[in-house]
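[1] Based on what follows, work out the 3D shape:
(one chain, ligands or ions: 1)
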Amino acid sequence: MTIPAYRLRPPTRSDVQPYGKFLSDKNISIWLEDACQKPLSETAIEYFILRSGWCHWSIEYDGQFCGLTGLDDPDLSRGQARFFIVLGMTDLWGQGMGTAVTQQVLDYGFKVLQLRKIVSDYLEENIASERVHKKSGFTVDGRLRDDSFRNNRWIDRVIVSILRDEFLSIHS
Ligand SMILES: CC(C)(COP(=O)(O)OP(=O)(O)OC[C@H]1O[C@@H](n2cnc3c(N)ncnc32)[C@H](O)[C@@H]1OP(=O)(O)O)[C@@H](O)C(=O)NCCC(=O)NCCS
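    Sure thing, here's the model as predicted:
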């Protein structure tokens, strides 16, 4: 499998509109946080995209904005941050890009930022996200039962994490 050639760059204001379009696609937003389950204003999207210059990147493919990734919720006294990824061009799914981006962000977090632990989570039915986290070396810590309401029922959220030593033992 050839992974589509992507690059990570700082987010810009021009990403706000295409990201809003991605969020209006139920196949994407259903897997995101509860706040994304109803239409968001352009201001709210702009705040989300531009609020943090720390470890937020836009994913670009073929010169086009195609998603967001990065590390959030830093708790640097504990050497910890939270990973996130949204690949909004659905025709790019299933070609290894999500895993490659995840591993690049983890690489930066552990090798450059010297983080001790990176946490993440996904809804239990999000098989693509489960696969990406598993392939990248995350371990399941537990689950928040009946955490989010989707498709008229409550579903669990799976909590995962990876420690620096675990990552380095695979990707030294
Ligand atoms: C999750 C996401 C980043 C994955 O990106 P991607 O480029 O498709 O990921 P990859 O191709 O590296 O890996 C996905 C794997 O899941 C598999 N997969 C995807 N949907 C599947 C399904 N419904 N059933 C079984 N396998 C599935 C793919 O075939 C691929 O398989 P592989 O591990 O054998 O190669 C992308 O789907 C996305 O952004 N989704 C919407 C937002 C989201 O869910 N973000 C994460 C929130 S926690």
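[2] Show the backbone phi and psi for the closest residue to the ligand within the chain.
    Closest residue of the chain to the ligand, C-beta to the nearest ligand atom: residue 98 (2.2 Å). Glycine gets a C-beta too; all of them are placed from N, C-alpha and C. Phi and psi for residue 98, reported as degrees, to the nearest 10, are phi -60, psi -40.
[3] got a list of what it touches?
    85, 87, 128-129, 132 (C-beta atoms under 8 Å, 6 or more residues apart in numbering).
[4] Filter the residues you listed down to just the ones in helices.
    128-129, 132 (DSSP state H).
[5] The contacts of residue 98 also near the ligand: which ones?
    85, 87, 128-129, 132 (C-beta under 6 Å from any ligand atom).
[6] Now restrict these to buried residues only.
    85, 87, 129, 132 (16 or more other C-beta atoms under 10 Å).
[7] helix or strand for residue 144, which one?
    strand 139-150 (DSSP states H and E).
[8] Report the buried residues of that strand.
    147-148, 150.
[9] Likewise for stretch 76-89?
    Buried residues in stretch 76-89 (16+ other C-beta under 10 Å): 79-81, 83-89.
[10] before we move on, what about stretch 113-126?
    Buried residues in stretch 113-126, defined by neighbour count with 16+ other C-beta under 10 Å: 113, 115, 117-124, 126.
[11] pLDDT on that stretch, on average?
    In this model, stretch 113-126 carries a mean pLDDT of 98.
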